[in-house]
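Novice: Provided below are the primary sequence and the corresponding predicted coordinates.
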Amino acid sequence: MTAKPKPLFLGIDTGGTYTDAVLWSEEGGPKGRVLAKAKALTTRHDLAVGISGAVDAVLEKAGTDPASIKLVSMSTTLATNALVEGQGGRVALVMIGFSEGDLARDGLKTALGTDPVVFCPGGHDVHGNAAKLDLSGLEAALPELGRSVSGFAVCAYFATRNPAHELSARDLIREKTGLPVTASHELSAKLGGPRRALTTLLNARLISMIDRLVAATEGFLGKRGIAAPLMVVRGDGALVSAAFARQRPIETILSGPAASLVGARHMTGLDDAMVSDIGGTTTDVAVLDGGRPRLDPEGATVGGFRTMVEAVAMRTFGLGGDSEVALEDGALTPKILLGPRRLVPLALAGLVHGEAVTAELERQLRAPNPGRGRFAVRTGVPDRLAAGLTAPEAKLYEAIGATPLPLDRLLTSNAQNATLNRLVARGLVHICGFTPSDAAHVLGKQANWDPAAARLGAELFARRRDGRGQVIAATPEAIAERVLATLTRWSAEYILETAFAEDGLDGAATVAHALVQRAVDAHPGIARFSVALDRPVIGLGASAPLHYAGLPPLIGNGCVVPEDTDVANALGAVVGQVRVSAEARVSQPREGLFRLASGQTVRDFTDEAAAIAAAQADVRAIVAERAKDAGTDSAEIDVSTEFRVSTVEDQRMFIEAHVVAVASGRPRIAV
């Protein structure tokens with residue numbers, strides 16, 4: 001009797017620059033087998049183009065019938081990149097029971113920027129008792145907001161103890177506008193209103209982006225006859241269904257890096273390591289301990305914002321192959337600066353747009369005062385996402401098209417620079433310019449795009465002047481070498497910064513200290529210093545072999561770059577597990593009354609044991625339903641209860657109980 005063939009799994013990773021695909025089978029030992037892998041450029045204007053390019057290539061390489069694929073799983077850095085670059089849709093924040101002073105906490109005002117906020121009376125106390133709710137101000141503002149924003153974020157005071165007022169506001173907004181609404185209690189059960197509001201705001205901004213990604217992927221799979229469940233990697237490395245991720249896109253921040261950790265462990269078998277994943281936009285550094293990624297119990301920090309999303313304890317830095325290359329201002333011997341903004345590399349712009357880029361670069365080189373080699377081009381997102389532009393923004397946006405325009409011909413005043421930066425922050429416009437990817441093309445270490453455009457950009461950059469009026473480099477090759485050396489050095493510093501932070505130190509300040517700098521430089525002296533990691537680094541990312549070759553002497557340990565490092569994220573996406581949780585709390589508003597808050601319900605009991613039993617039953621039922629929604633039919637459920645009590649005159653006094661249920665299992669596959 002012929003053995004039934006093992007199902008095939010398709011992993012996809014949509015990054016800021018590349019979309020990766022990998023076809024994996026459980027056959028071939030404990031690590032399974034990568035049957036084929038491929039890459040295609042991420043196409044932000046229509047994500048399906050990049051996805052189809054990568055997946056079609058991988059299917060062709062493997063010679064596989066698409067119908068044999070039984071599970072598709074996807075990781076993405078789109079949400080992470082959007083937060084690092086300050087991008088996302090325009091969102092209205094609705095604060096119920098809060099005052100304007102609360103915006104100053106937890107970076108909420110900074111995150112809000114120029115987006116509108118509406119304050120409404122209401123909210124609850126710590127025991128779930130309601131203040132008077134008044135949504136008249138919100139209702140009056142909805143006609144105008146409905147035309148100028150892409151979604152809403154609603155946060156009510158102590159909504160985690162009673163979500164009734166958030167539900168009322170959510171229902172009103174949906175009825176009047178039909179736009180997506182995120183309510184804070186859906187994302188976190190933790191206290192801390194302003195940080196919960198921040199998390200909700202960021203979630204609402206990301207919905208349209210993740211929605212487009214999922215829709216593009218589902219549409220593509222349907223056209224190829226792949227009738228398999230679609231999963232998405234969350235920031236803690238767990239898998240959830242695409243429908244689940246669409247409602248909670250904030251949970252996909254650090255999705256790509258989390259998948260890469262799962263992939264790194266799977267490929268190397270190393271239980272203890274630093275993992276550094278370099279992409280086009282960011283470098284993500286994390287720690288493997290005992291075969292598992294360390295999680296950040298305080299919530300993920302991305303783009304300077306501390307969220308309430310449980311995710312891998314990952315530090316994300318704006319450093320990658322497509323980082324903006326700049327010069328330190330005002331220095332006699334200026335340093336090369338990298339990032340945090342991502343540019344479209346000139347080599348890539350030259351490949352896509354040809355003469356429109358190279359002819360303009362040559363013109364700038366011939367000019368008496370060489371230009372900066374910068375261009376602006378539309379990202380190609382739908383026009384509705386350009387809602388709410390000011391008159392100057394709209395005028396400049398109108399002047400920018402689908403073909404890159406040189407900035408020296410586009411901008412007529414310094415004020416327009418700020419206007420352009422706002423369009424970039426909104427995700428409407430890309431800047432093209434010189435990057436480390438261009439430097440690699442100049443030196444022949446990368447050859448997938450247009451080396452001629454890269455070289456022209458390097459020539460322009462090399463002609464820039466230092467504080468003494470001298471050109472900063474004699475040749476394009478010289479500046480390219482400096483850029484790549486700077487990227488490797490900064491990579492080492494970010495890895496050490498993460499290690500110091502995990503050891504409880506101020507990572508950035510410690511790395512910047514003169515003694516650590518002397519140690520990394522192996523500076524000769526009467527007193528010599530050295531610094532070394534206690535574990536190797538696993539280097540991930542397509543450019544890891546190039547940029548991490550010089551790491552070992554800088555970090556005092558080895559660097560392992562696995563064979564399939566270029567698709568670690570896509571591989572990690574298919575070897576993970578579904579994992580979801582649910583929480584309930586039992587408090588005592590007054591002696592003898594036990595109040596249970598679980599899901600969207602609040603109930604009172606006169607007996608502690610009955611309240612705890614009900615809480616445990618509730619979270620078990622909620623998490624079982626969540627696990628099905630998240631994509632598994634074989635979840636194991638673990639329930640834990642933590643009590644807060646005090647002892648007064650030898651008498652036990654109940655304060656609060658926290659009940660948590662966790663469900664985990666492999667995702668369901670197509671039959």
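Specialist: Yes, it's here.
Novice: what's around Trp329, how many residues?
Specialist: Check again: residue 329 is Asp, not Trp. Other residues lying near Asp329 total 8 when counted by other C-beta atoms under 10 Å. Where you see a C-beta, it was placed from the backbone N, CA and C, and this is true even at glycine.
Novice: quick one: it from Leu411, how far?
Specialist: 19 Å (C-beta to C-beta, to the nearest Å).
Novice: wouldn't Ala21 be in contact with Ala62 here?
Specialist: No. The pair Ala21 / Ala62 is not scored as a contact, 10.2 Å apart, by C-beta atoms under 8 Å.
Novice: more crowded one of these two?
Specialist: Taking other C-beta under 10 Å, Ala21 and Ala62 do not tie; Ala21 has more neighbours (29 against 19).
Novice: Show me what the helix or strand where that one lies pairs with in its sheet, parallel or antiparallel.
Specialist: Assigned by DSSP states H and E, Ala21 falls within strand 18-25. Take DSSP bridges as the rule and strand 18-25 pairs in its sheet with strand 8-14 (antiparallel), strand 33-41 (antiparallel).
Novice: Distance from the chain centre to that strand, please.
Specialist: Relative to the centre of its chain, strand 18-25 is centred 19 Å away, using C-alpha atoms, centre = their mean, to the nearest Å.
Novice: Can I get it in PDB, CA atoms only?
Specialist: Extracted C-alpha coordinates of strand 18-25, given in PDB (Å, rounded to 0.1, in the frame of the first residue of the first chain):
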ATOM      1  CA  TYR A  18      11.100  41.800  -0.400                       C
ATOM      2  CA  THR A  19       8.300  39.200  -0.200                       C
ATOM      3  CA  ASP A  20       9.700  35.800   0.500                       C
ATOM      4  CA  ALA A  21       8.100  32.400   0.000                       C
ATOM      5  CA  VAL A  22       9.100  28.900   1.100                       C
ATOM      6  CA  LEU A  23       7.600  25.500   0.500                       C
ATOM      7  CA  TRP A  24       8.200  23.100   3.400                       C
ATOM      8  CA  SER A  25       7.400  19.500   4.100                       C
END
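Novice: Going by neighbour count, which residues in that strand are buried?
Specialist: Going by neighbour count (16 or more other C-beta atoms under 10 Å), the buried part of strand 18-25 is 18-25.
Novice: In JSON lines, list those along with distance to Glu100 and pLDDT.
Specialist: Conversion of those to JSON lines gives the following (distance: C-beta to C-beta, whole Å; pLDDT from 0 to 100):
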{"residue": "Tyr18", "distance to Glu100": "43", "pLDDT": "81"}
{"residue": "Thr19", "distance to Glu100": "43", "pLDDT": "87"}
{"residue": "Asp20", "distance to Glu100": "45", "pLDDT": "89"}
{"residue": "Ala21", "distance to Glu100": "48", "pLDDT": "93"}
{"residue": "Val22", "distance to Glu100": "49", "pLDDT": "94"}
{"residue": "Leu23", "distance to Glu100": "53", "pLDDT": "94"}
{"residue": "Trp24", "distance to Glu100": "52", "pLDDT": "92"}
{"residue": "Ser25", "distance to Glu100": "57", "pLDDT": "89"}
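Novice: from these, which is closest to Trp490?
Specialist: Tyr18 (21.1 Å; C-beta to C-beta).
Novice: How much space separates the closest one from Thr76?
Specialist: Note on Tyr18: its distance to Thr76, by C-beta to C-beta, is 12 Å.
Novice: just Arg306 next, same as before
Specialist: The value you get for Arg306 to Thr76, if C-beta to C-beta is used, is 21 Å.
Novice: C-terminal to the helix or strand hosting Gln588, which secondary structure element comes first?
Specialist: Under the criterion of DSSP H and E, Gln588 resides in strand 578-590. Counting by DSSP H and E, the element after strand 578-590 in chain order, helix or strand, is strand 593-598.
Novice: May I see the buried residues of the following helix or strand past that next one?
Specialist: Sequence order places strand 601-605 as the next helix or strand after strand 593-598, per DSSP H and E. For strand 601-605, a neighbour-count test (16+ other C-beta under 10 Å) marks 602, 605 as buried.
Novice: and strand 601-605, what's its mean pLDDT?
Specialist: Throughout strand 601-605, pLDDT has a mean value of 92.
Novice: next helix or strand past it?
Specialist: Following strand 601-605 in sequence, per DSSP H and E, is helix 608-630.
Novice: And for the helix or strand following that following helix, what's in contact with it?
Specialist: Later in the chain than helix 608-630, the nearest helix or strand by DSSP H and E is strand 636-648. Residues outside strand 636-648 that contact it (C-beta atoms under 8 Å, 6 or more residues apart in numbering): 612, 615-616, 619-620, 623-624, 627, 652-665.
Novice: ok, now stretch 580-588?
Specialist: Taking C-beta under 8 Å, 6+ apart as the criterion, the residues outside stretch 580-588 that touch it are 126-128, 160-161, 189, 238, 240, 594-599, 608, 611-612, 615-616, 618-619, 622-623, 626-627, 630, 654-664.
Novice: Any of these buried? List them.
Specialist: Applying 16+ other C-beta under 10 Å to the contacts of stretch 580-588 flags 127-128, 160-161, 189, 238, 240, 594-598, 608, 611-612, 615-616, 618-619, 622-623, 626-627, 630, 654, 657-664 as buried.
Novice: Arg341: what's it in contact with?
Specialist: By C-beta under 8 Å, 6+ apart, the residues touching Arg341 are 85, 318, 323-324, 424, 431.
Novice: do the same with Val659
Specialist: Per C-beta under 8 Å, 6+ apart, neighbours of Val659: 583-586, 598, 612, 615-616, 618-619, 639-642.
Novice: Who does it form a beta bridge with?
Specialist: In beta-bridge terms (that is, DSSP bridges), Val659 pairs with Ala584, Thr641.
Novice: returning to what we had before: between the strand holding Gln588 and strand 636-648, how many degrees?
Specialist: Angle, strand 578-590 to strand 636-648, by axes from the mean of the first three to the mean of the last three C-alpha atoms, to 10 degrees: 30 degrees.
Novice: so who does the nearest residue to Val442 once chain neighbours are set aside touch?
Specialist: In this structure, Val442 finds its nearest non-sequential neighbour in Ala480, 4.1 Å apart by C-beta to C-beta, 6 or more residues apart in numbering. By C-beta under 8 Å, 6+ apart, the contact set of Ala480 is 438-440, 442-443, 458.
Novice: Sort out for me which of the residues you listed are in helices.
Specialist: 438-440, 442, 458 (DSSP state H).
Novice: And the furthest pair within those residues?
Specialist: Within those, two members stand farthest from each other by C-beta to C-beta: Ala440 and Ala458, at 10.6 Å.
Novice: what about the closest residue to Gly444 other than its chain neighbours, how many residues close to it?
Specialist: Of all residues not flanking Gly444 in the chain, Pro451 sits nearest, at 7.7 Å (C-beta to C-beta, 6+ apart). Residues within reach of Pro451, counting by other C-beta under 10 Å, total 19.
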